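Undergrad: Provide a 3D model corresponding to the input given below.
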Amino acid sequence: QVQLVESGGGLVQAGGSLRLSCVASGRSFSGMGWFRQAPGKEREFAAAIDWSGGTADYADSLKGRFTISRDNAKNTVYLQMNSLKPEDTAVYYCARSLYRIGGREPRSYIYWGQGTQVTVSS
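TA: Numbers count the residues shown, from 1 in each chain. Here you go, the predicted model:
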């Protein structure tokens, strides 16, 4: 059973930065993704990266502020979040894809972490 453990969430003021980490229990040649879910809203796609780290995809609203990366030697995926806004407040989840590329649809992902809370104050 693959386990994904997120960390790095917390409380930050608007305009600040956070870096989320997601450590997987084993090596993977799969795409990885970050999703987020705000209170009262559905889970939404944030960013994805392919197995090699060479290709990334972002939700349109996050381009230029968020950066996804991975270190396969450490079985870790990161989400660098800059210029944070109050509307970025959510629980952030990492997930492992069924495929070598990440995707935007949650159904493409087979394993999920427990989530880490990000709160951005105005």
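Undergrad: The residue in the chain sticking out farthest from the centre and residue 23: what is the separation?
TA: Outermost residue of the chain with respect to the C-alpha centroid, by CA atoms, centre = their mean, is residue 122; its distance is 22.4 Å. In this view, residue 122 and residue 23 are 31 Å apart by CB to CB, to the nearest Å. Yep, even glycine has a C-beta here, placed from its N, CA and C like the rest.
Undergrad: What of residue 117?
TA: For residue 117 relative to residue 23 (CB to CB), the value is 17 Å.
Undergrad: who has more neighbours, those two?
TA: Using other CB atoms under 10 Å as the criterion, residue 117 and residue 23 rank with residue 23 on top: 16 against 12.
Undergrad: Now do the helix or strand hosting the more buried one: everything it contacts.
TA: Assignment of secondary structure by DSSP states H and E places residue 23 within strand 18-24. With CB atoms under 8 Å, 6 or more residues apart in numbering as the test, strand 18-24 has contacts from 2-10, 12, 32, 34, 74-81, 84, 92, 94, 96, 113, 116, 118.
Undergrad: and it, how far from the chain's centre?
TA: Here the centre of strand 18-24 is set off from its chain's centre by 8 Å, with CA atoms, centre = their mean, to the nearest Å.
Undergrad: Pull out the buried positions in that strand.
TA: 18, 20, 21, 22, 23, 24 (16 or more other CB atoms under 10 Å).
Undergrad: what does stretch 89-108 give?
TA: Buried residues in stretch 89-108 (16+ other CB under 10 Å): 89-97, 101-103, 108.
Undergrad: all strands for the protein, in order.
TA: 4-7, 10-13, 18-24, 32-37, 44-49, 56-58, 66-71, 76-81, 90-97, 109-112, 116-121 (DSSP state E).
Undergrad: Let's have those strands in TSV, adding mean pLDDT.
TA: Below are the strands of the chain laid out as TSV (pLDDT from 0 to 100):
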stretch	mean pLDDT
strand 4-7	96
strand 10-13	98
strand 18-24	97
strand 32-37	98
strand 44-49	98
strand 56-58	97
strand 66-71	97
strand 76-81	98
strand 90-97	97
strand 109-112	96
strand 116-121	98
